[in-house]
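Student: Just a sequence and a predicted model for now, questions to come.
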Amino acid sequence: GLRQARPEDGRLGRSVLRQKKGTLRSVPFFGQIRTKKEKEKDSAAALFAKRASFFLLLSSWSSLLFSLSGCLMSILLTTLFVYALGLLLTAVGSRLAGRCTTWCCALLGLPMWVVGGTVAPFCLALPQLMLAFLAAGMSVTALAVGTALAGAVTNLGLALAACLLNRRRYATADRDEFCRKCLLLLAACGVLAVFVRDGELSYTGTGLLMLLFVLFILMSIAFQHNFTYGETIEAVSTSDAVPSSRLATKEYGYTAHTMAFPVMSVRNSLKNLAGVIGGLALLAGGAMALVYSATTLANLTGTIQALWAASLISFGFCLPLLAEALEHPLGSVWKRFTVRCRYYPPDSLPIQLLNSAILNLTLALPISSLMYRHKLPVGAQFRSYEVPVCTAMALVLLLPPLCKHKLKRWQGGVCMALYFAYLAAALFVPRAGA
């Protein structure tokens with residue numbers, strides 16, 4: 001090309017010679033004259049603009065991430081608050097409903113041995129029953145099944161184990177009744193192991209569990225009747241200082257240190273009836289709060305719902321029973337409330353914990369299946385962890401009273417070790433299908 005200076009406008013004319021049809025023609029092209037310093041200055045400005053835009057984009061993304069993290073943190077704190085509130089409502093509601101229901105049954109003329117065989121174990125398992133009922137009705141089957149199975153494992157591996165290990169207060173139970181309840185728990189675990197192999201609880205398995213529930217009620221009523229009208233029971237205890245295997249009924253009976261009934265009046269009747277309704281309302285509200293908090297935590301953390309049923313929910317339900325097994329070592333308002341609302345003898349706590357575990361399997365699961373209106377899905381998490389661990393705990397609790405006529409402290413230690421092993425497996429090695 002040929003360069004031609006044009007000083008009047010500071011532009012440089014460039015003529016490019018092109019050949020067209022054998023002739024040469026000149027095509028002018030005009031460009032800006034820039035020095036080397038101006039080029040360096042322009043490149044530095046462009047680099048500064050790129051860096052400024054990058055840092056501006058980075059700051060906008062960081063502010064967005066901080067706002068999102070703050071939002072997630074607020075949601076997490078709100079969910080934990082709802083969870084704690086749900087636990088408080090279920091604990092208060094179940095105790096209040098159980099105490100007032102017991103009094104209303106006495107007002108209706110039911111003998112205490114009937115109340116001890118039906119109302120007391122049912123009220124103790126009421127939180128798990130209510131949560132399983134609501135969760136299955138909302139088709140959150142993982143929470144329903146997990147609450148029932150994990151609740152049974154936690155009651156045996158934590159509360160009953162602490163009761164057996166407690167040195168300040170020896171665990172005492174009727175040997176025949178303790179062995180019968182362990183065998184019934186083993187039968188329920190066997191039904192689950194056989195009838196959920198395809199991942200669903202069949203209708204036959206549901207029917208067999210309900211049959212075991214009816215058998216449980218009959219056994220409990222028969223035991224309370226024989227015990228009430230007898231003088232002594234054959235006791236097994238963790239204490240080596242018990243001189244005889246016969247224990248007086250007045251020290252172990254259902255009405256021993258249980259409750260003092262108020263005066264039979266219209267005012268007291270209406271007050272206790274309101275206590276039953278209010279307790280059930282508190283229990284339903286607390287169970288609904290636990291369902292929502294568990295599903296929210298599962299969605300926030302990307303984990304399975306069975307994880308929260310095995311950890312937070314079952315442990316939260318077990319806390320009042322654990323405090324009672326340890327005789328409320330810290331002392332609190334809850335201790336005064338539980339003593340006032342007690343509806344079973346303190347010495348019968350081991351049997352009541354076994355009753356609660358049996359009801360979780362034989363009543364909570366059939367209720368969940370009926371509310372779900374289909375075959376109840378039972379994931380690999382429950383088939384691999386909860387059912388085998390519950391079976392192992394039942395065997396550990398059964399063998400010493402059956403063979404040695406004695407309760408041993410090491411039974412509590414083995415059950416607690418099995419519980420913590422189960423909890424670690426559920427937390428760190430969760431199975432699919434839950």
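Tutor: Yep, it's here. Numbering: from 1, shown residues only.
Student: I'd like the distance from the helix or strand containing L290 to the chain centre, please.
Tutor: When elements are assigned from DSSP states H and E, L290 belongs to helix 266-301. The chain centre lies 15 Å from the centre of helix 266-301; the measure is CA atoms, centre = their mean, to the nearest Å.
Student: Which strands or helices does it pack on?
Tutor: Under the contact criterion of 3 or more CB pairs under 8 Å, 6 or more residues apart in numbering; DSSP states H and E, helix 266-301 touches helix 36-107, helix 126-137, helix 141-154, helix 305-308. Heads up, the C-betas are built off the backbone N, CA and C, glycines and all.
Student: orientation of it relative to helix 126-137 in degrees?
Tutor: 60 degrees (axes from the mean of the first three to the mean of the last three CA atoms, to 10 degrees).
Student: Check which residues of helix 266-301 are buried.
Tutor: If you call a residue buried by 16 or more other CB atoms under 10 Å, then helix 266-301 has these buried ones: 272, 275-276, 279-280, 282-298.
Student: Dump stretch 313-325 to CSV, restricted to CA.
Tutor: Extracted in CSV, the C-alpha atoms of stretch 313-325 (Å, rounded to 0.1, in the frame of the first residue of the first chain):
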residue,chain,number,x,y,z
ILE,A,313,-36.6,-37.7,66.5
SER,A,314,-36.0,-41.1,68.3
PHE,A,315,-33.4,-39.5,70.6
GLY,A,316,-35.7,-36.6,71.4
PHE,A,317,-38.6,-39.0,72.2
CYS,A,318,-36.2,-41.0,74.4
LEU,A,319,-35.0,-38.1,76.5
PRO,A,320,-37.8,-38.0,79.1
LEU,A,321,-37.5,-41.8,79.6
LEU,A,322,-33.7,-41.5,79.8
ALA,A,323,-34.1,-38.8,82.5
GLU,A,324,-36.5,-41.0,84.4
ALA,A,325,-34.2,-44.0,84.2
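Student: That one: which residues count as buried?
Tutor: Of the residues in stretch 313-325, I313, S314, F315, G316, F317, C318, P320, L321, L322, A323, E324, A325 count as buried by neighbour count, 16+ other CB under 10 Å.
Student: The fourth one against L89, yeah?
Tutor: When you say that, I think you mean G316. No - using CB atoms under 8 Å as the test, G316 is too far from L89 to be in contact (11.2 Å).
Student: how about the helices in the stretch 151-300 of the chain?
Tutor: When secondary structure is read from DSSP state H, counting those that start in this stretch, the stretch 151-300 of the chain shows helices at 161-165, 175-195, 203-228, 249-252, 266-301.
Student: list the contacts for A426?
Tutor: A150, A306, L307, A310, S311, Q381, Y385 (CB atoms under 8 Å, 6 or more residues apart in numbering).
Student: give me that answer again for 10 Å
Tutor: Each residue near A426 by CB atoms under 10 Å, 6 or more residues apart in numbering is listed here: 146, 150, 153, 304, 306-307, 309-311, 381-382, 384-386, 389, 434.
Student: Repeat that for R99.
Tutor: C123, M259, N272, G275, V276, G279, F337, T338, R340, C341, R342, Y343.
Student: close enough to count as contact, the fifth one and L107?
Tutor: So the one you mean is V276. No - taking contacts as CB atoms under 10 Å, V276 lies outside contact range of L107: 11.3 Å.
Student: Now do the SS call for Y343.
Tutor: coil (DSSP: H, G, I helix; E, B strand; the rest coil).
Student: quick one: it from W103, how far?
Tutor: Distance, Y343 to W103, using CB to CB, to the nearest Å: 9 Å.
Student: do T238 as well
Tutor: T238 is 32 Å from W103, by CB to CB.
Student: Could you report the neighbour count for the residue lying closest to V196 once chain neighbours are set aside?
Tutor: Excluding the flanking residues, the one nearest V196 by CB to CB, 6 or more residues apart in numbering is V378, at 4.3 Å. Counted by other CB atoms under 10 Å, the residues lying close to V378 total 28.
Student: again with P127
Tutor: Neighbours of P127 under the rule other CB under 10 Å: 29.
Student: hang on, it packs against I313?
Tutor: Yes - taking CB under 10 Å as the definition, P127 is a contact partner of I313 at 9.2 Å.
Student: list the residues that contact both of the two?
Tutor: Listed contacts common to P127 and I313 are G86, L87, T90, T147, G151, A287, L290; contacts here mean CB under 10 Å, 6+ apart.
Student: got TSV for these, with pLDDT and distance to P366 too?
Tutor: Output for the shared contacts of P127 and I313, formatted as TSV (pLDDT from 0 to 100; distance: CB to CB, whole Å):
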residue	pLDDT	distance to P366
G86	89	24
L87	88	25
T90	90	21
T147	89	14
G151	90	15
A287	89	18
L290	89	21
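Student: from those residues, which is closest to L407?
Tutor: G151 (22.9 Å; CB to CB).
Student: Verify the contact between that closest one and F317 for me.
Tutor: Yes - the pair G151 / F317 is scored as a contact, 5.9 Å apart, by CB under 10 Å.
Student: what is in contact with those two at once?
Tutor: Shared contacts of G151 and F317, defined by CB under 10 Å, 6+ apart, are found at A125, P127, Q128, L131, S356, N360.
Student: which one of these is nearest L96?
Tutor: Nearest to L96 out of these is P127 (CB to CB; 12.3 Å).
Student: so who does that closest one touch?
Tutor: 86-87, 89-91, 93-95, 147, 151, 283, 286-287, 290, 313, 316-318, 320, 356.
Student: Find the residue closest to it in space, skipping its chain neighbours.
Tutor: Closest residue to P127 apart from its sequence neighbours, by CB to CB, 6+ apart: T90 at 4.5 Å.
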